[in-house]
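K.L.:
how does the following fold in three dimensions:
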Amino acid sequence: MTVTIYHNPDCGTSRNTLAMIRQSGVEPEVIEYLKNPPSRGKLVELIAAMGISVRDVLREKGTPYKDLGLADPKWTDDELIEFMLAHPILINRPIVVTDKGAKLCRPSEAVLDILPNPHIGRFVKEDGEVIDAG
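P.N.:
Down below sits the predicted model:
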């Protein structure tokens, strides 16, 4: 099974998710989406595969979300996608894709739902929270 993570190494949730994937015995394809943003087609495909709205993929914290006025309901999904392509930091992370599906893994343990081996045992997040996925 292949596993791909759209990863931001500066994000604790993304780092925890990557560590959980590796603890499951899989070495994923890691795409640092800020350096290598997805194409428009790929982003649309990811959103559809996750079964969530475009707005659910928008990240507010630490982004130009507020400055761009993206909370305004006037923006269409296509326009919001264009903003995410122009400012990849607006894409919430981490997004993980496996043969079992695609998921925005917030919180990081959400990745367990789509891993081939979700029984990773005891995992300690960076903040000290313990996840027991035995």
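
K.L.:
pairing partners for V96 in the sheet, please.
P.N.:
I5, K103 (DSSP bridges).

K.L.:
I'd say it and T2 touch.
P.N.:
No - contact criterion Cβ atoms under 8 Å: V96 and T2 do not qualify, at 11.0 Å. Where you see a C-beta, it was placed from the backbone N, CA and C, and this is true even at glycine.

K.L.:
between these two, what contacts are shared?
P.N.:
P28 (Cβ atoms under 8 Å, 6 or more residues apart in numbering).

K.L.:
walk me through the domains of the chain.
P.N.:
Following automatic domain parsing, one finds the domains of the chain at 1-33+93-134, 40-92.

K.L.:
mean neighbour count and mean pLDDT added to the ones you listed, as JSON lines?
P.N.:
Output for these, formatted as JSON lines (neighbours: other Cβ atoms under 10 Å; pLDDT from 0 to 100):
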{"stretch": "domain 1-33+93-134", "mean neighbour count": "17", "mean pLDDT": "96"}
{"stretch": "domain 40-92", "mean neighbour count": "15", "mean pLDDT": "98"}
